[in-house]
Every structure is written in structure tokens, then in C-alpha cells.
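Visitor: please work out how this folds:
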Amino acid sequence: MRHWTARCSCGQLTARCAGEPLRNSLCYCRACQRRTGSAFGLAAYFAEDQVTVSGQSTVYERRSDAGRWARTQFCPTCGTSLLWRLEFRPGQIGIAAGAFEELDFPAPKVSVWTRFRRHWLAQPEGVEAFPEQS
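Guide: Numbering: from 1, shown residues only. Modelled structure (predicted):
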């Protein structure tokens, strides 16, 4: 079974994942843009029982663009938002895919909230697009 390791910038907060992610996606929602400071978020979702989290974290809860709760865990030392849980994905943990150490981490298959995609970003070839969440 394949294992993946995601870390915050300082290495204090770690998520170790066993097996393949359930979903890899690009998200262009405004909340992901603010969370990452970028034009999109890149996320990998795993079942909770696939993920072992170690280190200290602080939780920030907000409402998504669809009005559902989202709980982000971030490192209190360096501020990296490493993982999150979403109301509409019970039993799953989202992890910032750019934080995985493995350079061969799988590419995203879908992009969501594409109506918020910046005009200068092209839709990646082979990635299914949804104007809302799917």
C-alpha cells in the first residue's frame, strides 16, 4: 500500500496517509483563494481512517460559499492550513495537496467552483470542470 506524507512549513504538523486519495481536486472558490493566498486550492481527500495526524494544530471554522461549515486545522507555529473537514464530506479529511512531500502525488481529476476561476487561468486538460461544488 502506498503512503503519503504532508507537512506544514515548519514540519511540526504532519498528516500521514495510507492508500490512494478518494478525490483530488482544484478549487477556485473564494474561501480557498483566501486560505491559500493563491488563485485556487489544490486538495486531496482521504477517508478519516486513512489519515494519521500528528503535531499541534489550531482549528478555524467558517461557512463555505454554499453556506456549509468548514473546519480548517492550521499549524500554530507557521500558520500553514494543512487539513480540513467539510460538512458535506462526512468521514473525509481534505489535505492541501501541495504539502505532500512526494513529487509523484496524483494529479487532480476535477475542478470545482470554476465560475470563480481567474480569467488568466486555463482549465487543465483532462480535468472535469464544475461551476459549483460537486
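Visitor: secondary structure element holding the residue positioned nearest the centre of the chain?
Guide: Geometric centre of the chain, nearest residue: Ala43, 2.9 Å, by CA atoms, centre = their mean. Assessed by DSSP states H and E, Ala43 sits inside strand 41-47.
Visitor: quick one: residues in contact with the next helix or strand after that strand.
Guide: Next along the chain after strand 41-47, taking DSSP H and E as the criterion, comes strand 51-54. Outside strand 51-54, the residues within contact range by CB atoms under 8 Å, 6 or more residues apart in numbering are Leu13, Thr14, Ala15, Arg16, Cys17, Ala18, Gln73, Leu83, Ile93, Ile95. Where C-beta positions appear, they are placed from N, C-alpha and C, glycine not excepted.
Visitor: does the third one touch Ile95 like I think?
Guide: Yes. Applying CB atoms under 8 Å, one finds Ala15 in contact with Ile95, separated by 5.3 Å.
Visitor: more neighbours, the two?
Guide: Comparing Ala15 with Ile95 by other CB atoms under 10 Å, the one with more neighbours is Ala15, at 26 against 23.
Visitor: skip the chain neighbours and tell me the closest residue to that one.
Guide: Ala6 (4.5 Å; CB to CB, 6 or more residues apart in numbering).
Visitor: tell me the SS of the one you found?
Guide: What DSSP: H, G, I helix; E, B strand; the rest coil gives for Ala6 is strand.
Visitor: identify the bridge partners of it.
Guide: Applying DSSP bridges to Ala6 gives these bridge partners: Ala15, Phe100.
Visitor: number of residues surrounding it?
Guide: That count, for Ala6 with other CB under 10 Å as the rule, works out to 24.
Visitor: got the contact list for it?
Guide: Applying CB under 8 Å, 6+ apart, the residues near Ala6 are Thr14, Ala15, Arg16, Cys17, Leu82, Leu83, Ile95, Ala96, Ala97, Ala99, Phe100, Glu101.
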